[in-house]
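Novice: pasted the sequence and its predicted model underneath.
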Amino acid sequence: MKPPTLLSLTIDSALLHIAHINDLSAVPDFILVELFLKTLSAGKLTEKVLKLFMSTGNEEIVFFVESLNIKQILIPVLPTRCSEKF
């Protein structure tokens, strides 16, 4: 049995803390894809995490999201007043 590589340990650590990560722009594409797939398999894909991955613009991640028909939740914004005359 081979010991884990530093890369696999780093990805596993990032997966454990994915909800607290704010920016993935400096992460190389091949690591992003692996982290995204592990996030999906671990059941940790939340709306915030999905936005985090989508903001990278990685084509493979966008393809996975579209092929799995994952939709971002759109929360309607209700007006605070119905009329200007109050």
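Specialist: Here it is on my side, so go on.

Novice: same question for the top helix by length along the chain, mean pLDDT?
Specialist: Of all the elements of type helix in the chain, the one with the most residues (DSSP state H) is helix 29-42. For helix 29-42, mean pLDDT rounds to 95.

Novice: what segments of the protein are helices?
Specialist: Per DSSP H, the chain carries helices over the ranges 6-16, 29-42, 47-54, 59-67.

Novice: the ones you listed: which one's closest to Leu74?
Specialist: Closest approach to Leu74 among the helices of the chain (Cβ to Cβ): helix 47-54, 10.2 Å. C-beta coordinates here come from the backbone N, C-alpha and C atoms, glycine included.

Novice: touching, Ile11 and Leu37? I think so.
Specialist: No: using Cβ atoms under 8 Å, Ile11 makes no contact with Leu37, being 10.0 Å away.

Novice: between those two, who's got more neighbours?
Specialist: When Ile11 and Leu37 are compared for neighbours, Ile11 comes out ahead with 19 against 14, by other Cβ atoms under 10 Å.

Novice: contacting residues around the more buried one?
Specialist: Ile31, Glu34, Leu35, Lys38 (Cβ atoms under 8 Å, 6 or more residues apart in numbering).

Novice: how much space between the third one and Gly57?
Specialist: If I follow you right, that is Leu35. Noted for Leu35: a distance of 15 Å to Gly57, by Cβ to Cβ, to the nearest Å.

Novice: same thing with the second one?
Specialist: Applying Cβ to Cβ, the value for Glu34 to Gly57 is 17 Å.

Novice: compare neighbour counts for these two and give me the winner.
Specialist: Glu34 (16 against 10).

Novice: who are the contact partners of that one?
Specialist: Remark: with contacts taken as Cβ under 8 Å, 6+ apart, Glu34 is in contact with Ile11.

Novice: and the gap between it and Lys71?
Specialist: For Glu34, the distance to Lys71 equals 23 Å [Cβ to Cβ].

Novice: Glu60 now?
Specialist: Plainly put, Glu60 is 19 Å away from Lys71 if you go by Cβ to Cβ.
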